Every structure is written in structure tokens, then in C-alpha cells.
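Colleague: Model the structure of this input:
(2 chains)
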Amino acid sequence: MPKDTPSRWDRRMQQRLAHGEAAALGELYDRFASLVHGLAHRVLDDEDAADQITREVFTQIWENPEAYDAKQGPLRSFIATLAHRQAVHRLRQTESAALVRTGLGTTEDLERKVRRASAAARADYIVTSMPAPLRAALELAYFQRRDYRQTAADLGVTEDEARRRLRLGLQLLSTAHDSGTPPGGYGRPA
Amino acid sequence: MSGANGPDRFDPHDPHDPYEEEPGQPQDSGATAGAPRIPTPRASIEDTGRPLPDLAAPVPLVLEHRVLKSLLGAWALAACSPEETVAVEDHLGDCGSCAEEALRLRDAVGLLHAEESLDLDPLLRSRVLEGCLTRRPARVPVPVWASPYDAETARLDALLKDIGDGEWHAPVRLRWYESGDQVSRKTTVAGVIAHLTSVDGLVARAIGLDDPLGSPAREGLGPAARTEAYWKASYFPPTRAVRVPWRDQSHALIRTVSFAGADASGTGGSGQLPISYGDFELSLRDAMTDRAFECWVHAGDIADAVDYPYEAPAPRHLNRMIDLAARMLPGSLALRRRQGLAAPARELVAAGAAGRSLRLEVEGAGGGEWLISLDSPGAVGSAEREVAHVALDGVEFCRLAAGHVSPDEAAAGQVGDREAIRDVLSATAALSRM
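Modeller: Numbering: from 1, shown residues only, chains lettered A, B, ... in the order given. A predicted model of the protein is given here:
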């Protein structure tokens, strides 16, 4: 796998941002805006709030590009973690404000809602970042409703391999529920 | 076909949308909290109320632990045969570690859902970037004269990201004016991007980037000749593979002019570098405005071909595009005059002196007023010497300059010298090219 190309891009981007190159900021936006906005939208389910998170995340990176450490993983994971953290923080804020205002619901409801939104966003990210063969298998079995034998035939792999991919894909996806361990599902190489 | 999941397979005529089906959600949402019970697989056939597949004789499968474990993912997705499903579920009653994993994987299935492609508001990009640059000003800014190109290429790229493989081959007719006649050339969405790549390449090569036409260097080719050469160089019709080279080149252009054009006001520095278009020249800053204009116009062609909405550029960018066209009009008039297509000059005007002028009033966001010198490109437009006044909408003016409407069709309010008005509108259409 040509592993070094993306990480070289990441480091180069970081240098250009640190150097204060506005063109680099534009390229960063072009590459990651839909990731950031999509994650924020999944958590907050609100267009304006997702716009706001997008603004905050890019401002944060632009103001402090040194915060990214290429040794810790790809820039994509770093940005996803920022977006996720910011969006969840905001969800908790707006939900607690609503709780105080209306008195409806409990803090347990709130925490459950935050957990659910958080896991849904992480799951999106995991699906888009998981190895393509696993994603293809899940796509066939879940969305195209193929059984694992048909999935194997469609992918040109053995039935054993199809079962392995479906199981491994779901195992990866299930880590979306593990909110405790930072960086909470975004640490996997993209 | 195994037939195992027969009635459960996707049926396009089935009113029940499989994408809507959040597996196990209604009954399983509390499964993790409640007593350890084994959830049933998604859309198990028994739950559908539809006839069960014809099982000759339910032969209980005996499978070893290793195999049963390997089936857990497929089981959670309801992608096993009924016999295997029964075998797995029997096993889950006896095997704690498999039961635990089964539960976990079933929950994971609940996290899968159809990817919804949310269109990002194209205006968000400039808002985000401006916000960033206010907080921390750029040491190497994008010159103001390159920002329309930056914005338009980003907008087109967002459109391209959304269109399907097949749509890249949707037919597009490029239209422009040549010697007063509308001409056209048939291509596809991918062909349009190849066209933009090859003409942007005029600027790229002039500032030291690779020419997309490759080597040996092709000197003196204009936009149309470059496009034809680029199209011909590829044995196969262009596909969506043209997107990345186009985008990489546009990013490289923006980056390079940012470093070269340290004078962001655009009044001097590299913005004055002449860029040859074959039979005419533009300064780098004007060429970047021209490329932004072409990008917008062709993005509009593509959007029409694939039936997407596409808005006009931001007003301040539109204004730069209109301004460039207005400044090119006296030259276009003079060329048409030499070709015998426009009325002869009425008077000789010394260079730099005020001459007969037409007031071009462009309405709407991004509009303004320009005085177009009628008799000589060297003369200066003058309010005192105004002989005619034309008013039209900004987007309409751009459609005329792009060759998408004819001078006769263009909806324009007109007062004064009829001949001058006709010549200026025709000279505007003559700015268009492939």
C-alpha cells in the first residue's frame, strides 16, 4: 500500500498552514469541509449549527496548525475528532439549556441523546474510513440485501472470506459505541 | 440463487423501502439495558408475515463453534440461510462469548444507514475562509484578482462531486459567436472539464507549471486549438477521471499566483505578466478573471445538462467579470470594424483623449456603470461625449458575453445612437469563444 503519500500530503499541508498560506486553507476546506459538516450535522441535526461548527473547526486549525501531530495519525482523523468534540459539546450545551428552560426530560435522557448522536456520527466516520473491501461487503449485505453467499459471489471471494468481512466490518462499526476511549473511533488510519 | 432469503431480498416494486428499515430498532432499542436476551435478526423472515420459503425438510445443521462464530456478522445482517440462522441462534443460548458478540454486532447494524449527500452551501466556503483570515491574517494571501477563480473552481468541484458516473457522459453543447454567427460544438460533461483543463493550461504554462497538453510544448495555440488537441490526445472519450487533474491544476494555479502575486492589490507585480491566448493577450490578473468567468459559464452548461440548479457568482466576483468584459469591448469593437462587421469609426481620437462613448449600465448585484469608448480602444470613455445608453441585467450581460444569447435577443433598455448600441452588443457577443 502506498502509505506515505497521504501522510506526506498531511505534513505538507500542516507546513503550508503554519506558513500562513491562504491557498492551503482553501485546499484544506475543499478536502475536509464535507466531512466536518456531515459529522456536525449527524450530531446536531441542524444546518445552521453544522455551519457554525464547520467555521469553528477550520478556524481552530488555521489558528493553530501545530496542534496536529502527524505521528498520532492522519490529518483526517484529527479533523474528525475536533469536529466531533465540538459538535457533541454544542449538543450538550443546547440540550441542557433546553432542559433548564422547559424542565422536560431528565439528565439521563440528555446523556442518552448525546451518546446516541455521538455514536451515530462516529459510525458514519468509521464506515467511510474502513477498508474498501469491508465496506463493499457491508454495502451488499445490508443495502442490497444479498446473503453472504451472494455477497461472496458478487465480490469474487470465498464464502469464508465474505463471512469474515461482514463480521470484521461490524466489529469495527461497533467501536462507535465506545465513547470512553479518546480519540473515540477516529484514531484508525483512514 | 440460494433462495434462502428469497422473500427478504430487495424488490424495487416493494412499497416497503428497505433503506427505511432500521433493523431491530423498535423492539431492540432497550436490549442493552434490559435482561440479557438475544435479539432476533433484522427482518427475520418469520416477522415479515410473508410465506416462508419452501423447506423440504428442516434438517438441523450441526456446525462447530469456529464456523458458528464466523457466521455472527452474516447472522446479524440477516444474510445467512434459515438453517444457519437456526444453528447460530441455538448456539447463542449455550455460548456466552458468542452471545455477547452477537449482541454487539446487532447493535452495530443499527448504526448503518444510507449515506445522505448533503449539499454544502457554496457560500459557506467564503464565509469560513474569511472568518479564519480575520482571526489570523494570511502571510501569503490569495490575490484579490484570483479569488473569483478560487471561488468558481470550488463551486464547480462541489457540483462535480455530486454527479453520478453516467452523468459525466451527458451531452453538452458549447456555444459561442464567430464572425457574428452563433456556432457550437458537441461534447460531454467530462469533455467540458477537459476543455477547462486545457485552456486553464494556457495560464499554467505561462507561470511555470506543467502544460496539461504535455510536451513538446505547443506554442501559439489559442483556447479552441488547445481544446481540440487535448481531446484528440486521448484515445478514449473523457470520463470522470478528468476531475482530479483539473482540480489539481486549479489548486496549483491559485497557490502559484499567491506566491508570485505578493502584491495583493493586483495593481502591479506578477498580475501584469502577459498571458498569450494565441491571437490576443491578457494580463495574468485579467486572465484569472477570464478563467473564473469561463468556469462559471461552463459550470452552468454542465448544471443544465444534468439538471442541477446553479447560481450566479458572488456579486463582487461578478463585478470583476463584467468589468473585464467592459474593458475588452473597445478592442472587440475595433477588431469587428477591421473585419467589416461594425460601422466605421466616426472620428479620429488621439490616444488618451475623450471620445464618443456608450454608457453601459449593468443592473443587479455586481453591476455598475462603464463608459465604453466607441471609436478607438486608445480613447478614454467620457460622460460628456455619451451618445448612447444601454441598460441590462448583470447575468444577462454575462450570457451575452458568453455567447449564450444573441445581441438581438438580449433584453436591454436602449437610448440614443442605434448603430453604436448594435455594435456594442455585437462586440459583447464577439467576446465569446469556445
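Colleague: Domains in the chain, by residue range?
Modeller: Since no chain was named, I'll use chain A. A:4-129, A:131-183 (automatic domain parsing).
Colleague: meant chain B, my bad for not saying
Modeller: Using automatic domain parsing, chain B is parsed into the domains B:6-109, B:144-311, B:318-429.
Colleague: Lowest mean pLDDT across those, which one is that?
Modeller: Ranked by mean pLDDT, the domains of chain B bottom out at domain B:6-109, with a mean of 68.
Colleague: quick one on the thing from earlier: export the domains of chain A as CSV, with columns for mean neighbour count, distance to chain B and mean pLDDT.
Modeller: C-betas here are computed from N, CA, C, even on glycine. Converted to CSV, the domains of chain A look like this (neighbours: other Cβ atoms under 10 Å in any protein chain shown; distance: least, Cβ to the nearest Cβ, whole Å; pLDDT from 0 to 100):
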stretch, mean neighbour count, distance to chain B, mean pLDDT
domain A:4-129, 18, 3, 92
domain A:131-183, 19, 3, 89
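Colleague: Quick check: which of these is nearest to B:Gly73?
Modeller: domain A:131-183 (3.0 Å; Cβ to Cβ).
Colleague: Please tell me how far B:Gly180 sits from B:Ala314.
Modeller: Computed as Cβ to Cβ, to the nearest Å, the B:Gly180 to B:Ala314 distance reads 33 Å.
Colleague: So which of the two has more stuff around it?
Modeller: Using other Cβ atoms under 10 Å in any protein chain shown as the criterion, B:Gly180 and B:Ala314 rank with B:Ala314 on top: 19 against 14.
Colleague: I'd like the distance from that one to B:Leu329, if you could.
Modeller: From B:Ala314 to B:Leu329 the distance is 23 Å (Cβ to Cβ).
Colleague: In three-state terms, how would the closest residue in space to B:Ala206 that isn't next to it in sequence be classified?
Modeller: Closest residue in space to B:Ala206, ignoring its immediate chain neighbours: B:Ile275 at 4.8 Å, by Cβ to Cβ, 6 or more residues apart in numbering or on different chains. Under DSSP: H, G, I helix; E, B strand; the rest coil, the three-state class of B:Ile275 is strand.
Colleague: I'd like the distance between B:Ile275 and chain A.
Modeller: B:Ile275 sits 19 Å away from chain A, going by Cβ to the nearest Cβ, to the nearest Å.
Colleague: For that residue, list the residues it contacts.
Modeller: B:Leu202, B:Val203, B:Ala206, B:Glu281, B:Leu282, B:Ser283, B:Leu284, B:Ala287 (Cβ atoms under 8 Å, 6 or more residues apart in numbering or on different chains).
Colleague: do the same with B:Leu431
Modeller: B:Ala325, B:Met328, B:Leu329, B:Ser332, B:Ala401.
Colleague: for the helix or strand harbouring B:Gly131, which positions count as buried?
Modeller: Element membership for B:Gly131, per DSSP states H and E: helix B:122-135. For helix B:122-135, the neighbour count (16 or more other Cβ atoms under 10 Å in any protein chain shown) marks B:Pro122, B:Leu124, B:Arg125, B:Ser126, B:Val128, B:Leu129, B:Cys132, B:Leu133 as buried.
Colleague: check contacts around the nearest residue to the second one once chain neighbours are set aside.
Modeller: So the one you mean is B:Leu124. Of all residues not flanking B:Leu124 in the chain, A:Asp51 sits nearest, at 5.7 Å (Cβ to Cβ, 6+ apart). Neighbouring residues of A:Asp51 by Cβ under 8 Å, 6+ apart: A:His37, B:Asp121, B:Leu124, B:Arg127.
Colleague: what angle separates the helix or strand hosting A:Thr54 from helix B:122-135?
Modeller: In this structure, A:Thr54 sits in helix A:47-63 according to DSSP H and E. Between helix A:47-63 and helix B:122-135, the angle comes out at 40 degrees (axes from the mean of the first three to the mean of the last three Cα atoms, to 10 degrees).
Colleague: Mind giving me the packing neighbours of the helix or strand following helix A:47-63?
Modeller: Next helix or strand after helix A:47-63 toward the C-terminus (DSSP H and E): helix A:75-102. The contact analysis (3 or more Cβ pairs under 8 Å, 6 or more residues apart in numbering or on different chains; DSSP states H and E) places helix A:75-102 against helix A:4-18, helix A:22-44, helix A:47-63, helix A:107-129.
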